[in-house]
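*Asks:* Kindly generate the corresponding structure for this input.
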Amino acid sequence: MSAQAYERKSGWVTFAAIVMFSVAFFRIISAISYFNDSSEVADLTRGLFGDTLWTWGIWDLCISALGLFAGLSLLQDGGFGRIVAYVWAVFVIVNGFTIVSAAPWYAAIAIALAVLVVYGLATSPRPEASS
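*Replies:* Residues are numbered from 1 along each chain as shown. Next up, the predicted model:
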């Protein structure tokens with residue numbers, strides 16, 4: 001029987017990856033709703049992209065792609081994933097501020113989750129390069 005040594009990852013990095021996965025999947029569902037021109041979508045005519053819902057769908061898919069890529073990279077201790085996660089958080093915060101007048105609770109929750117991801121990444125130790 002051999003004992004394997006496991007390196008313990010920071011809980012904040014794992015938390016950040018899980019948050020990015022969950023937001024990404026929610027954004028994919030949201031993008032599908034935008035592409036369908038759903039009547040259940042909030043009135044976004046005063047938002048960044050106006051009333052063109054397909055543009056909002058493309059924006060949501062971009063945020064989803066960034067979140068999925070960064071989350072996978074973070075779980076594999078990828079340094080590039082940290083950079084992408086920071087970019088993802090900036091996009092989510094900007095998106096939150098663009099829709100705050102149409103969906104204030106959604107915007108506040110999205111901004112709070114992005115801030116938690118930034119906090120988690122900033123306070124967790126970076127993996128050392130193996131020699």
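
*Asks:* Quick check: what element follows the longest helix anywhere in the chain along the chain?
*Replies:* Ranked by residue count and defined by DSSP state H, the top helix of the chain is helix 11-35. Reading on from helix 11-35 to the C-terminus, the next helix or strand found by DSSP states H and E is helix 53-75.

*Asks:* pLDDT of that next one, averaged?
*Replies:* Regarding helix 53-75, the rounded mean pLDDT is 88.

*Asks:* Would you mark the buried spots in that helix?
*Replies:* Buried residues in helix 53-75, counted by 16 or more other Cβ atoms under 10 Å: 53, 56-57, 59-61, 63-64, 66-71, 73-75. For the C-beta atoms, the positions are set from N, CA and C on the backbone; glycine is no exception.

*Asks:* what packs against the following helix or strand past that helix?
*Replies:* Remark: after helix 53-75, the chain's next helix or strand is helix 79-98, criterion DSSP H and E. Other elements packing on helix 79-98 under the criterion 3 or more Cβ pairs under 8 Å, 6 or more residues apart in numbering; DSSP states H and E are helix 11-35, helix 53-75, helix 104-123.

*Asks:* these two touch, right, Val23 and Ala65?
*Replies:* No: look at Val23 against Ala65 with Cβ atoms under 8 Å: they stay out of range, at 11.9 Å.

*Asks:* who touches Phe91 in this structure?
*Replies:* Cys62, Ile63, Leu66 (Cβ atoms under 8 Å, 6 or more residues apart in numbering).

*Asks:* And Val90, by the same measure?
*Replies:* Residues in contact with Val90 (Cβ under 8 Å, 6+ apart) are Ala114.
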